[in-house]
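Visitor: No letters, just coordinates:
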């Protein structure tokens, strides 16, 4: 399903995509609330697909079909470009705002997460790999960088600390580990262990960072990811994704959608459900868009 709200979560419109069992990712390459792509899984043929809408989720067009699982999707360094990565070295590229996708070879293996900066740099972490893959030319070519897993970490997500800094990133993952690099992964600093479950998501805006994960855990940083302090989320359910803007922060996970209007210092629950598993969220031009699926339990 796709949920949209134009009043910061007071009311929601729910839509489904025909034949799709679960939706896991949402992204807008245009930065327009009516135009965005979603990643969905179909049980009928065990395929993963990318769908695009240009009318605010009223209609969707299937723009990519694969039997490999898509793990992550990211905007590219130039306008209209984007990358999606997944199992079995799958890497696909769009240069037309997600209207079409082509397969490219990178040799990443089973990829976990990808992120690109506005200055042509980017990084990919692959499952079981002892290093990260880095690009400095907007994804045209990639090279293997120094080891990312000096502590046998499982990396779930990464984020650039500042859009103008193409080298400083924070990574989070299994066991509550947080890592930081200031040289695009050449060296990594073991920042902190939050002494909890896995951290599944991290994002920054205006040097304020939020990372979240299992058991409703949320940590906040105000110094570019050097130090992190816990904040109360109001839920014990896992949080899968956060999305930060200067005016409002969002967090979504199992059965719960959260919002903060004070840069993540306090959070309120704006939607709960007994069977909706919220997987990803974006907030564009005053419209919040959430994707997920219905629990079978």
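Guide: The structure has been received and is ready for your questions. Predicted model, so just to flag it, every value in this text is computed and none were measured.

Visitor: what's around the closest residue to residue 35 other than its chain neighbours, how many residues?
Guide: Sequence neighbours aside, residue 54 is the residue nearest to residue 35 in space, at 5.0 Å (criterion: Cβ to Cβ, 6 or more residues apart in numbering). C-beta: built from backbone N, CA, C; applies to glycine. A count of nearby residues for residue 54, using other Cβ atoms under 10 Å, gives 15.

Visitor: Surely residue 54 and residue 34 touch.
Guide: Yes: counting by Cβ atoms under 8 Å, residue 54 does reach residue 34; the two are 6.4 Å apart.

Visitor: Would you mind listing the residues in contact with residue 3?
Guide: Residue 3 is in contact with 12-15, 257, 271, 278, 288-292, counting by Cβ atoms under 8 Å, 6 or more residues apart in numbering.

Visitor: Show me the shaky parts of the stretch 151-297 of the chain.
Guide: Low-confidence segments of the stretch 151-297 of the chain (pLDDT under 70): 151-152, 194.

Visitor: need the strands for it, in chain order.
Guide: 155-160, 169-173, 177-181, 189-193, 199-205, 208-213, 218-221, 229-231, 239-244, 249-260, 268-284, 287-294 (DSSP state E, counting those that start in this stretch).

Visitor: TSV for the ones you listed, including mean neighbour count and distance to residue 145?
Guide: Shown next, in TSV, are the strands of the stretch 151-297 of the chain (neighbours: other Cβ atoms under 10 Å; distance: least, Cβ to Cβ, whole Å):
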stretch	mean neighbour count	distance to residue 145
strand 155-160	23	13
strand 169-173	27	12
strand 177-181	22	10
strand 189-193	15	15
strand 199-205	23	19
strand 208-213	26	22
strand 218-221	23	24
strand 229-231	14	30
strand 239-244	24	26
strand 249-260	24	30
strand 268-284	18	27
strand 287-294	22	31
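
Visitor: How are the strands of the stretch 1-150 of the chain distributed by residue range?
Guide: Using DSSP E, counting those that start in this stretch, strands in the stretch 1-150 of the chain cover 2-5, 13-15, 22-32, 35-42, 47-53, 61-66, 70-75, 82-86, 91-94, 102-104, 111-116, 122-126, 132-135, 143-144.

Visitor: partners of the shortest one, with directions?
Guide: Each strand that strand 143-144 pairs with, and the sense of that pairing, follows from DSSP bridges: strand 132-135 (antiparallel).
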